[in-house]
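Q: Structure for the following, please:
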Amino acid sequence: MHQPFYKDLVSGEYRMPWVRLHALKDYYGMVKLLEEFPGVHQNFNIVPSLVAQIEDYCSGLFKDPFWDVAAKPAAGLNPQERAFALSYLFQAHGERMIGRYPRYRQLWEQVRSAGPDPSKAAITFGERDYRDLQVLSQVAWFDEYFQDDPGVKALVEKGQGFSEEDQRFVMSKQHEILKSVLPAYRAAAARGAVELSATPYYHPILPLLCDTNAGRDSVPGLPLPNERFRHPGDAEEQIRRALDTHERTFGVRPTGMWPSEGSVSDEVLSIAAGLGVKWMATDEGVLGRSLGEEFARSAEGLLKAPQAAKLYNIHRWQQNGQQMDLVFRDHRISDLVGFVYAGMGAREAAAHLMNNIRLAAAPLTDQGRDAVVPVILDGENAWESFEKNGRDFLRRFYDSLQKDSQIEPLTISEAISRQQPETFGPLRGLVPGSWINANFNVWIGAPEDNRSWDYLSQARDFYDENAAQATPGQRALAWEELLIAEGSDWNWWYGPEHHSANDRDFDELYRKHLSNVYTALGGVPPDHLARPISGAIARPAMTPQTAYVHPVIDGQVSSYFDWMGAATLGSDRRGGSMHGRLYLLDALHAGIDEHNLYARLDFASALPKADLLATLHMALRRGEQTQANLQLEMTIGQGSITSWELRNGVRAPLATNLAPNGVEAAHGRVLEVKIPMALLGATTGDAFNLRFVLYRDHLPMDALPQEGSLEIQVVPEDVLVELAYEAK
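A: Presented below is the predicted three-dimensional model:
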């Protein structure tokens, strides 16, 4: 469970609302759910700086502009606050959260129709619209347990036309939810249902705090910052403070730790062991590199017996008289939960997960040996993509775990205690790395990353040179701001890997924390902290169809003019709070001519060398009614389409590759299809909502668009020409 430290200690203001919102939606329910399954024990790793922010919100003394705009009477919102509301109160999952509430979706569509600048929609919003937005933007984040609260349920049933009294109720209800979070974890830990582990206080990448040159230990030749940052004492402070505050909050000192982003090195393990940490967890990639072992999986995702025996075991690191027990995350199974199962039905996903765990452990259990299979993933962001926050999936999974006599869901400390130490895998040293590719490239190496490290080094040097002359209060504030700036989250958004709608906010907040170091010590922040670190980010483009298209269906884009005038949608890769989502699809093009519907899929990278299923989903709408849900399913093998079927639900195929009925499909550099509209039952005035999904082994790998669909209108070409002028 983790969020960055969003509070500016000088102004006292929260620059982002995500601690509060995830506390409403995830933190309480995730641990509360285990009360229904007493046989399921689980680890929750809670970042101490997240706990501090939750406690701050519980105090009621917080300053949060997102809260203020949601709570203020709609009639009193000034123009700046209205623009703020239109920009920030729709930052939620479009299908699972906004789409769950028809009025919220209606308001969202109202804003999106105004173009890329949300404030342009202000002219279409009245007082009633703003109040409905204020209420629903908060209710959408309420935990499933609170959806059954009579007051909340009445609001949801009311749907729209909310009163100021409704608005006040929603805001007051948040205090109740926020105050329930930490007691729920204390209670679960007290009854033995969970083990609470910790992370270094402000979530830093510990090996890089110890020495930024560790980035090159993992990736030889990696570009490094101009100024070497080497402060192992800071790493020790971040760990010690985490252990101390965790003990004060939960009444017990944690024995284990998920180091930020699973980032480990020999130096980090030595520091942590010296502070009393008994175990750590990280990713299988770190184990593989440290053993010189490649955990290569079969086409079914399974390890051979020798590799399974190494991964599914407790390991004991020993060096210079110190020791640390280690477990290593099964990367594949964990990522199936984080990135794949949201695209499946809850029953199917839970069964698939259980089967994967059994098959993964089979090389050991078939020999009568125990297998320790660590499944470790993000505690909050994954569930936004699941229907109803993943509760149906988790309930089915936990129920299966509890009933399976061969699988025992344990905490990490319980698993360690069940194993005989002589069976532990010995480790004499670790190759430094994180859970992402067993290196630190997300946080160091790119020009933006390295610039941010240089700025941190300069602020750290300024502190060393000036702290002794400052008052104790000034020194404490500057030190706190430095520790905050050492957190991993700022560099998560720098460089090429991750981007979001809040890139600018993260950049500004990071530079503000560094500026506060200088200000607190009576200095003047350097000019470079007034300039953005991050560069301009290319945003995905969506344009409507503006002319008929007549492409040749050969999978090659024979001519630039083939698709001129088609509707286009680029892949949106900005939702980067979750690392590991596979982006294979780059752009979707679609359009019609007098007789046919056309679609083309561009790929971001080479497709895996395995049998894949590409499905074009087509919802045919007539007015507000859906007439048909059609699918063109294409099996791809060795770079070409081996077979395909066009279906309308479960009925007999409308066409196949053996009886095409005018349908054409080709895969080469791109995937192209042509389908007669008469075969689909479309007439003038209808509309298609299109979405491509790429599957492997019946699991969704990528989709375009990730949410919603691309609309194609069945209208004469002169109407499309008018759309071209509207688009300008």
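
Q: What average pLDDT does stretch 45-55 get?
A: For stretch 45-55, the mean pLDDT works out to 96.

Q: repeat for stretch 454-472
A: Averaging pLDDT along stretch 454-472 yields 96.

Q: swap in stretch 712-728?
A: 70.

Q: for stretch 494-506, same thing?
A: Rounded mean pLDDT across stretch 494-506 is 74.

Q: And that stretch, end to end?
A: From its first residue to its last, stretch 494-506 covers 9 Å (Cα to Cα, to the nearest Å).

Q: swap in stretch 131-149?
A: Start-to-end, stretch 131-149 (Cα to Cα) is 21 Å.

Q: cool, and stretch 594-611?
A: Counting by Cα to Cα, you get 35 Å between the two ends of stretch 594-611.

Q: Stretch 154-164 now?
A: End-to-end distance for stretch 154-164, by Cα to Cα: 15 Å.

Q: Give me the contacts around it.
A: 73-74, 101-103, 128, 131-132, 134-135, 139, 147, 166, 169-170 (Cβ atoms under 8 Å, 6 or more residues apart in numbering). The C-beta positions use only the backbone N, C-alpha and C, and glycine is treated the same way.

Q: what's the answer for stretch 437-446, then?
A: 205, 207-208, 212, 214-215, 218-219, 222-225, 261, 263, 283, 285-286, 288-289, 431-434, 436, 449-450, 453, 488, 491-492, 494-498, 579.

Q: Next: stretch 448-463.
A: 208, 212, 223-229, 231, 443-444, 478-479, 482, 485-486, 490-491, 494-495, 510-511, 514, 517-518, 521, 523, 526, 528-529, 533-535.

Q: Repeat that for stretch 402-416.
A: 37-43, 194-195, 197, 255-256, 278-279, 281, 314, 325, 327, 354, 357-358, 365, 372, 374, 398, 401, 418.

Q: So which of the contacts of stretch 437-446 sit within helices?
A: Among the contacts of stretch 437-446, the ones falling in helices (DSSP state H) are 207-208, 214-215, 218, 285-286, 288-289, 449-450, 453, 491-492.

Q: on that earlier part again, tell me the buried residues within the contacts of stretch 448-463.
A: Those of these that meet the buried threshold are 208, 212, 224-225, 227, 229, 231, 443-444, 478-479, 482, 485-486, 490-491, 494-495, 510-511, 514, 517-518, 521, 523, 529, 533-534, by 16 or more other Cβ atoms under 10 Å.

Q: and after the helix or strand encompassing residue 357, which helix or strand comes next?
A: Using DSSP states H and E, residue 357 falls within helix 346-365. As assigned by DSSP H and E, the chain's next helix or strand after helix 346-365 is helix 391-403.

Q: Skipping adjacent residues, who's closest to residue 149 in space?
A: Spatial nearest neighbour of residue 149, chain neighbours left out: residue 173 (7.3 Å); criterion: Cβ to Cβ, 6 or more residues apart in numbering.

Q: That neighbour reaches residue 152, doesn't it?
A: Yes: counting by Cβ atoms under 8 Å, residue 173 touches residue 152, with 6.7 Å between them.

Q: before we move on, the earlier item: quick one: what helix or strand has the residue nearest to residue 149 in it?
A: Going by DSSP H and E, residue 173 is in helix 164-190.

Q: Give the buried residues for that helix.
A: Going by neighbour count (16+ other Cβ under 10 Å), the buried part of helix 164-190 is 166-167, 169-170, 173-174, 177-182, 184-185, 188-189.

Q: before we move on, what about stretch 436-452?
A: Residues 436, 438-446, 448-452 are the ones in stretch 436-452 that count as buried (16+ other Cβ under 10 Å).

Q: domain parsing for this structure?
A: The chain breaks down by automatic domain parsing into domains covering 18-190, 298-312+326-425, 447-519, 542-727.

Q: can you give me the end-to-end distance of the second one?
A: End-to-end distance of domain 298-312+326-425 (Cα to Cα): 23 Å.

Q: what's the distance between stretch 329-339 and the middle of its chain?
A: Centroid separation for stretch 329-339 versus its chain: 13 Å, with Cα atoms, centre = their mean, to the nearest Å.

Q: What mean pLDDT does it get?
A: 92.

Q: Extract the C-alpha trace of it and format it as CSV.
A: The C-alpha trace of stretch 329-339 is given here as CSV (Å, rounded to 0.1, in the frame of the first residue of the first chain):
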residue,chain,number,x,y,z
ARG,A,329,8.1,-12.8,-6.2
ASP,A,330,6.7,-15.1,-9.0
HIS,A,331,6.7,-12.4,-11.7
ARG,A,332,4.3,-14.1,-14.1
ILE,A,333,1.6,-15.0,-11.6
SER,A,334,1.7,-11.7,-9.9
ASP,A,335,1.5,-9.8,-13.2
LEU,A,336,-1.5,-11.9,-14.3
VAL,A,337,-3.4,-10.5,-11.3
GLY,A,338,-2.1,-7.0,-11.8
PHE,A,339,-2.6,-6.7,-15.5
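
Q: what does it contact?
A: The contact list for stretch 329-339, computed with Cβ under 8 Å, 6+ apart, reads 262, 281-285, 295, 297, 301, 311-312, 352-353, 356-357, 360, 373-378, 382, 435, 578, 580-582, 699.

Q: now the residues you listed: which count as buried?
A: By 16+ other Cβ under 10 Å, those give 262, 281-285, 295, 311-312, 352-353, 356-357, 360, 373-378, 382, 435, 578, 581-582, 699 as buried.

Q: what helices or strands is the helix holding residue 357 leaning on?
A: Secondary-structure packing of helix 346-365 (3 or more Cβ pairs under 8 Å, 6 or more residues apart in numbering; DSSP states H and E): helix 305-311, helix 331-335, helix 391-403.

Q: 6 Å instead?
A: If contacts are counted by 3 or more Cβ pairs under 6 Å, 6 or more residues apart in numbering; DSSP states H and E, helix 346-365 sits against helix 391-403.

Q: quick one: least confident helix or strand in this protein?
A: Using mean pLDDT, DSSP states H and E, helix 717-727 stands out as the lowest-scoring helix or strand of the chain, at a mean of 63.

Q: Surely residue 391 touches residue 147?
A: No: look at residue 391 against residue 147 with Cβ atoms under 6 Å: they stay out of range, at 10.0 Å.

Q: These two: which has the busier surroundings?
A: residue 391 (18 against 14; other Cβ atoms under 10 Å).

Q: OK, contacts around that one?
A: residue 144 (Cβ atoms under 6 Å, 6 or more residues apart in numbering).

Q: pLDDT at it, what is it?
A: Residue 391 carries a pLDDT value of 94.

Q: Please, where are all the helices along the stretch 51-200 of the chain?
A: 65-71, 79-88, 102-112, 127-139, 144-147, 150-158, 164-190 (DSSP state H, counting those that start in this stretch).

Q: and those as TSV, adding distance to residue 4 and mean pLDDT?
A: Rendered in TSV, the data for the helices of the stretch 51-200 of the chain read as follows (distance: least, Cβ to Cβ, whole Å; pLDDT from 0 to 100):
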stretch	distance to residue 4	mean pLDDT
helix 65-71	15	96
helix 79-88	17	93
helix 102-112	26	94
helix 127-139	21	97
helix 144-147	25	92
helix 150-158	28	96
helix 164-190	18	96
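
Q: Mind checking those helices for the one nearest to residue 660?
A: Judged by Cβ to Cβ, the one of the helices of the stretch 51-200 of the chain that comes nearest to residue 660 is helix 102-112, at 36.7 Å.

Q: which secondary structure element contains residue 614?
A: strand 612-622.

Q: what pairs with that strand, and is each one parallel or antiparallel?
A: strand 625-637 (antiparallel), strand 687-696 (antiparallel) (DSSP bridges).
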